[in-house]
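Visitor: fold the following and give me the result.
(one chain, ligands or ions: 1)
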Amino acid sequence: MAQSIEHTFGTPVELEPGILRLMLPLPSGPRHVHCYFLRGEDGWLLVDTGLGLMETPWEEVLAELDGPVTRIFITHMHPDHVGGAEAAAAATGAPVVQGRLDYAQCERVWGTDDWPERIAEWFLRNGVPPEVADELIESGHVFADFVRFAWNPTLVEAGDEIDGWRIHATPGHADGHLILHRDDVVIAGDTLLTPITPAIGLYPESRPDPLADYLSSLELVASLAPRISYGGHGVPVAEPAARCAAIAEHHAERLDRTEAALGGGPRSGYEVSHDLFGDSLSPIQRRFAVAEALSHLERLVAAGRAARSGDDRVVAYTR
Ligand SMILES: [Zn+2]
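Guide: Alright, predicted model coming up:
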């Protein structure tokens, strides 16, 4: 299967009968995000909604469909998936369905004014220099402005069904991440991607060991033995179980590199992020790099391969 991605924005493309993909633009990162239309009993189920920043011409998109959108399902609360939910709900009149834990975190991050300060304070404790933390506050406020999630959605949990699709919890990339499974198809959100690998970061007020969560989620997806998995970015995953194994191996190697970075004295998540991802990152990239370093450091601590020391002011890790 081709690994290059042709960008055809704004037009739903049929992937197989009853499954359409809508590609929407992103200003950074992978430059695109995928939404899906899944044929249900009385119309289409829309999965994910893109970012609120680049206005989606929903009227034009909906005109391409042979029926109404009757429900909107959110895989997880990251901006590129939930940020367009309010606009999509307004354009379709359809109710938004979101995981209970995911929505709680969505409100806590995007529905409050002080999240950028809270996350910056936490980064300071993990060794991020004050001037970099200040930039994180700035960029965090800009970001929050264009996330337009839908308030008070219908809440669901793992084990529930929507339009014949079984909902499974796949924590890791986000604590409350949900995927859909029906027959031999998985709609994976950002749990399983190719060619990129999903970011697995530790964040404040979140589950303590996201990498352990994620590795279990990969095992769950593999155990469903799907024929194909459609993700939020990149190309369809034609051999999902093999891709799960490859990503697990990638993290095993990164854990080894993280452990090796703890050779000398105590080191912060910020310092270790330089070993793993280099010195020349933008503030936004550094934010992901620190969170990713911390998820690996915490996994090492839980596995007895590293120790965490520190207090309310500073956290450091040793081998
Ligand atoms: Zn995403």
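Visitor: surely A94 is in contact with G67?
Guide: No. If you go by CB atoms under 8 Å, A94 and G67 don't touch, sitting 11.7 Å apart. (Each C-beta comes from the backbone N, C-alpha and C, glycine too.)
Visitor: the two: which has the busier surroundings?
Guide: Legend: neighbour count by other CB atoms under 10 Å for A94 and G67, higher for A94 (19 against 12).
Visitor: got a list of what that one touches?
Guide: By CB atoms under 8 Å, 6 or more residues apart in numbering, the contact list for A94 reads 43, 46, 68-72, 88.
Visitor: could these go into a markdown table alongside pLDDT and neighbour count?
Guide: Formatted as a markdown table, these follow (pLDDT from 0 to 100; neighbours: other CB atoms under 10 Å):
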| residue | pLDDT | neighbour count |
| --- | --- | --- |
| G43 | 97 | 18 |
| L46 | 98 | 30 |
| P68 | 98 | 12 |
| V69 | 98 | 21 |
| T70 | 98 | 17 |
| R71 | 98 | 20 |
| I72 | 98 | 25 |
| A88 | 97 | 25 |
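Visitor: restrict the residues you listed to contacts with the ion.
Guide: When CB under 5 Å from the ion is applied, no member of the contacts of A94 is adjacent to the ion.
Visitor: out of the residues you listed, which are inside strands?
Guide: 46, 69-72 (DSSP state E).
Visitor: and the ion, is stretch 180-191 touching that?
Guide: Yes. Stretch 180-191 reaches the ion (CB under 5 Å from the ion) through D190.
Visitor: count the neighbours of T191 for me.
Guide: Residues lying near T191 (other CB under 10 Å) number 30.
Visitor: any buried residues in the helix or strand harbouring H168, and which?
Guide: H168 is located in strand 165-169, with elements delineated by DSSP states H and E. By 16 or more other CB atoms under 10 Å, the buried positions in strand 165-169 come out as 165, 167-169.
Visitor: tell me what the strand or helix carrying L124 is packed against?
Guide: Per DSSP H and E: L124 is located in helix 115-125. On a contact count with 3 or more CB pairs under 8 Å, 6 or more residues apart in numbering; DSSP states H and E, helix 115-125 meets helix 130-145.
Visitor: pLDDT of the next helix or strand after the helix it packs on, averaged?
Guide: Where DSSP H and E defines the elements, the next helix or strand beyond helix 130-145 is strand 154-156. Computed over strand 154-156, the mean pLDDT rounds to 98.
Visitor: packing partners for strand 154-156?
Guide: For strand 154-156, the packing partners by 3+ CB pairs under 8 Å, 6+ apart are strand 96-99, helix 100-110.
Visitor: elements contacting the longest one?
Guide: With contacts defined as 3+ CB pairs under 8 Å, 6+ apart, the secondary structure elements packing on helix 100-110 are helix 79-82, strand 154-156.
Visitor: deepest in the core, which of those is it.
Guide: Of all the helices and strands packed on helix 100-110, helix 79-82 carries the top mean neighbour count, a mean of 26, counting by mean count of other CB atoms under 10 Å.
Visitor: now do it, average pLDDT.
Guide: Per-residue pLDDT over helix 79-82 has a mean of 94.
Visitor: renumber starting at 58 from here on
Guide: Yes, from this point I'll number from 58; that puts the last item at helix 136-139.
Visitor: output that helix as CSV, nothing but the C-alphas.
Guide: Extracted in CSV, the C-alpha atoms of helix 136-139 (Å, rounded to 0.1, in the frame of the first residue of the first chain):
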residue,chain,number,x,y,z
PRO,A,136,-8.1,19.8,19.0
ASP,A,137,-8.0,18.2,15.6
HIS,A,138,-10.8,15.7,16.5
VAL,A,139,-13.1,17.6,18.8
